[in-house]
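Asks: Make a model of this:
(4 chains)
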Number of protein chains: 2
Amino acid sequence: MSRFDATENRINLTHQRFSSYPREPAMLVRLVKAISQHVHDTANLVLRQYGLNHTDYNVLMMLYGCQQEGMTVTQLRDAAAEKSANVTRVCNILCDRGWMARYADPQDRRRVLVSLTPEGEALVEQFLPSMSSLLNQYGAAFDARETAQLETLLKRLLGVAEQIEREL
Amino acid sequence: MSRFDATENRINLTHQRFSSYPREPAMLVRLVKAISQHVHDTANLVLRQYGLNHTDYNVLMMLYGCQQEGMTVTQLRDAAAEKSANVTRVCNILCDRGWMARYADPQDRRRVLVSLTPEGEALVEQFLPSMSSLLNQYGAAFDARETAQLETLLKRLLGVAEQIEREL
DNA sequence: TCGGAATAGTTCATTTGTGTACTATTCCGA
DNA sequence: TCGGAATAGTACACAAATGAACTATTCCGA
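Replies: Now for the predicted structure:
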């Protein structure tokens, strides 16, 4: 079926060779990486016609989702699952193109607030139909109950992953 | 709780602003990306002491899991969820360091077979305890039933993601 | 069986992403 | 209230990843 079957076999074999290597979590982690990669590639393909990539999209969407008030670079980093340095780089590009703006936070002058310009909002609304239909295709694989289950389990996994990283 | 809550709010708001943007799949995709990133970062941190990164690890483990017979570069590409060009690059490094070897496939001379050297196997067995314990920490978040559920749902999502990409 | 199409892998220029060091600002305990 | 620790963001050199073009080989239908 899926190309993943071969991977599953290799994981099983590794577990046989080295028994403390746990089959189940290894599977989960590989699955997540594979899905993430396919989603990334597909999104890149769709977004290319707008001169954007998946990372740009993730950033723009988070800004769109917080409306006028804007958000800080750190919030953007967490929301887009990128490193600060990369967020800075992407923001430079998006600002240069006139889709977003930076301004100092009067409350805390270490912070930089970012938000979409009207041009940025227009851009988002231009690609949103394509991207929504793409997302709907993923969603079509599950009924409501499965979606909820998957979401719950993934949230838990994310929580654990965050904690493990923090404690390291 | 998790830093993800803010993202969830933004997704909800976006759905309100633009109703065809589907909340659930957007959540799933964002969760997967966030988990993938945290796993990647954590693995990089652990593997650094061995002079490796997460991609190297993914490649080495797939080779370890197919024992002596070896595998082709394309199989490795699918197994590691990387692009061919990147697999070539990583293999160059791992070959240079003496951990894996390339040889022509006598059956089909377009193909290149790759496999671990004895030094490569020794390296894998050196980092495997740390990495196994890391994986076990992820696994500890779920009971057997939940693990099985999550695995099933993720396999389905992967299948869909592969298909959507193929059809694009 | 010939020749165009498909497949496997690499090369290379470019884009994307990261670690680290640094500046500026704020926090907070003595 | 002073000063060291923590936090926010950026700069920059370097590492990792990608798209596209290319070579070699195999496939397969006329």
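Asks: Spell out which parts of chain A neighbour DNA strand C.
Replies: A:53-55, A:82-86, A:89-90, A:108-110 (Cβ under 7 Å from any atom of the strand). Bear in mind the C-beta positions are built from the backbone N, C-alpha and C, glycine included.
Asks: Is stretch A:111-118 positioned near DNA strand D?
Replies: Yes. Where contact is defined by Cβ under 7 Å from any atom of the strand, part of stretch A:111-118 touches DNA strand D, namely A:111-113.
Asks: And chain A, what are its domain boundaries?
Replies: In terms of domains, chain A is parsed into A:1-50, A:51-167 (source: automatic domain parsing).
Asks: Take those domains and lay them out in a markdown table including mean pLDDT and distance to chain B.
Replies: Formatted as a markdown table, the domains of chain A follow (pLDDT from 0 to 100; distance: least, Cβ to the nearest Cβ, whole Å):
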| stretch | mean pLDDT | distance to chain B |
| --- | --- | --- |
| domain A:1-50 | 93 | 3 |
| domain A:51-167 | 95 | 3 |
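Asks: if we compare those, which one ends up closest to B:Arg156?
Replies: The minimum distance between B:Arg156 and the domains of chain A falls on domain A:51-167, with 5.5 Å, by Cβ to Cβ.
Asks: Confirm for me that A:Ser36 is in contact with B:His38.
Replies: No. In this structure A:Ser36 lies outside contact range of B:His38 using Cβ atoms under 8 Å: 11.3 Å.
Asks: These two: who's more crowded?
Replies: A:Ser36 (24 against 21; other Cβ atoms under 10 Å in any protein chain shown).
Asks: How about the contacts made by the more buried one?
Replies: B:32-33, B:35-36, B:81 (Cβ atoms under 8 Å, 6 or more residues apart in numbering or on different chains).
Asks: These in helices, which ones?
Replies: If you go by DSSP state H, the contacts of A:Ser36 have B:32-33, B:35-36 in helices.
Asks: Scan these and report the most crowded one.
Replies: B:Val32 (30 neighbours).
Asks: Identify the residues contacting that residue.
Replies: Here B:Val32 is in contact with A:32, A:35-36, A:39, A:154, B:157 (criterion: Cβ under 8 Å, 6+ apart).
Asks: so which pair among those is furthest apart in space?
Replies: A:Val39 and A:Leu154 (13.3 Å).
Asks: Sweet, I'm off.
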